[in-house]
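> Build me a model from this:
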Amino acid sequence: MQWGKQATASTSDLRDSFDDVSLHFGVYFNTRILAAVRLIMADRPADLPSGRYFPKAFDGSGRVAEISKAMVDPVARQCGLFTALLLECKARAYANGIADLFISVVDTDRIRRFLNVEGFQEIGTPFHFEDQTISVQDQAILLWNRFNTVESIETISTRQDHILSKAQSTLEPRVDS
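The predicted model follows:
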C-alpha cells in the first residue's frame with residue numbers, strides 16, 4: 001500500500017486504536033469484500049483521527065464523526081460502492097444524533113468535486129497525515145458535512161439501495177471473471 005508506514009502482511013497490520021471504537025461497514029460480492037470503511041463517533045473533534053487538523057475556529061457543537069480508512073477493490077471502482085458506504089456512514093451518524101461529519105482524503109480536484117456534490121465542503125488547510133500505521137505522502141484535506149433536514153435518512157437509504165442494485169448488475173461480469 002502506498003500509505004502504509006511499513007510493509008503490510010495482513011489487515012491486522014493496519015489496525016489502530018480507533019478500530020476498537022468504530023463501526024465498520026463493507027460491501028461484499030459472494031464472499032469477496034469489494035469495499036470497506038469505518039465510522040468513528042466522538043464527543044469532540046480532538047477525539048477523531050484527523051482531530052489535530054481541525055481549524056481552531058470550528059464552531060461545531062455536540063458529538064462528531066469521521067469517515068476513515070475507505071477502500072474499494074480496483075475491480076469494483078466506478079460502480080458507486082464508495083458512495084453507498086459514504087451514505088451508510090451519513091445515515092448512521094445522523095441516526096445517532098450527530099450533525100457534523102468529517103472525512104480526510106488525499107487532496108485532488110476529483111475527490112473534492114465528488115465530495116462537494118455529496119454535501120461536503122473543505123474545512124481548514126491541506127496537510128500531510130501521519131499516525132501509528134499510516135503515513136500518506138500526498139497532501140490531504142479535511143472535508144465537513146453538516147446534516148440538514150432536506151436530506152432525510154429515508155432519502156439516503158433509498159438512494160443507497162438504488163446505487164447498490166445498479167452496482168450488483170455491473171459487478172457480476174467483473175467479479176466472476
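
> avg pLDDT for the top helix by length along the chain?
When the chain is parsed with DSSP state H, its longest helix is helix 153-176. Mean per-residue pLDDT for helix 153-176: 89.

> What is it packed up against?
strand 22-29, strand 32-42, helix 81-95 (3 or more Cβ pairs under 8 Å, 6 or more residues apart in numbering; DSSP states H and E). For the C-beta atoms, the positions are set from N, CA and C on the backbone; glycine is no exception.

> quick one: contacts of it?
27, 29-30, 32, 34, 75-76, 79-81, 83-84, 87-88, 90-91, 94-95 (Cβ atoms under 8 Å, 6 or more residues apart in numbering).

> Would you mind checking which helix or strand in the chain has the lowest mean pLDDT?
The weakest-scoring helix or strand in the chain, judged by mean pLDDT, DSSP states H and E, is strand 121-127 (a mean of 85).

> Can you show me the CA trace of that strand as PDB?
C-alpha atoms of strand 121-127 as PDB (Å, rounded to 0.1, in the frame of the first residue of the first chain):
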ATOM      1  CA  GLN A 121     -17.000  21.200   2.000                       C
ATOM      2  CA  GLU A 122     -13.400  21.900   2.700                       C
ATOM      3  CA  ILE A 123     -12.500  22.900   6.200                       C
ATOM      4  CA  GLY A 124      -9.100  24.000   7.200                       C
ATOM      5  CA  THR A 125      -6.000  23.900   5.100                       C
ATOM      6  CA  PRO A 126      -4.200  21.000   3.300                       C
ATOM      7  CA  PHE A 127      -1.900  18.800   5.500                       C
END
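
> In which helix or strand does the residue sitting nearest the centre point of the chain reside?
Centroid-nearest residue in the chain, with Cα atoms, centre = their mean: residue 67, separated by 3.6 Å. Counting by DSSP states H and E, the element that carries residue 67 is strand 64-72.

> That strand - contacts with which helices or strands?
Using 3+ Cβ pairs under 8 Å, 6+ apart: strand 64-72 touches strand 32-42, helix 81-95, strand 100-106.

> any residues touching the helix or strand following the shortest one, and which ones?
Right, the one you point to is strand 100-106. Counting by DSSP H and E, the next helix or strand C-terminal to strand 100-106 is helix 109-117. Identification of contacts with helix 109-117 by Cβ under 8 Å, 6+ apart yields 103, 105, 122, 141, 143.
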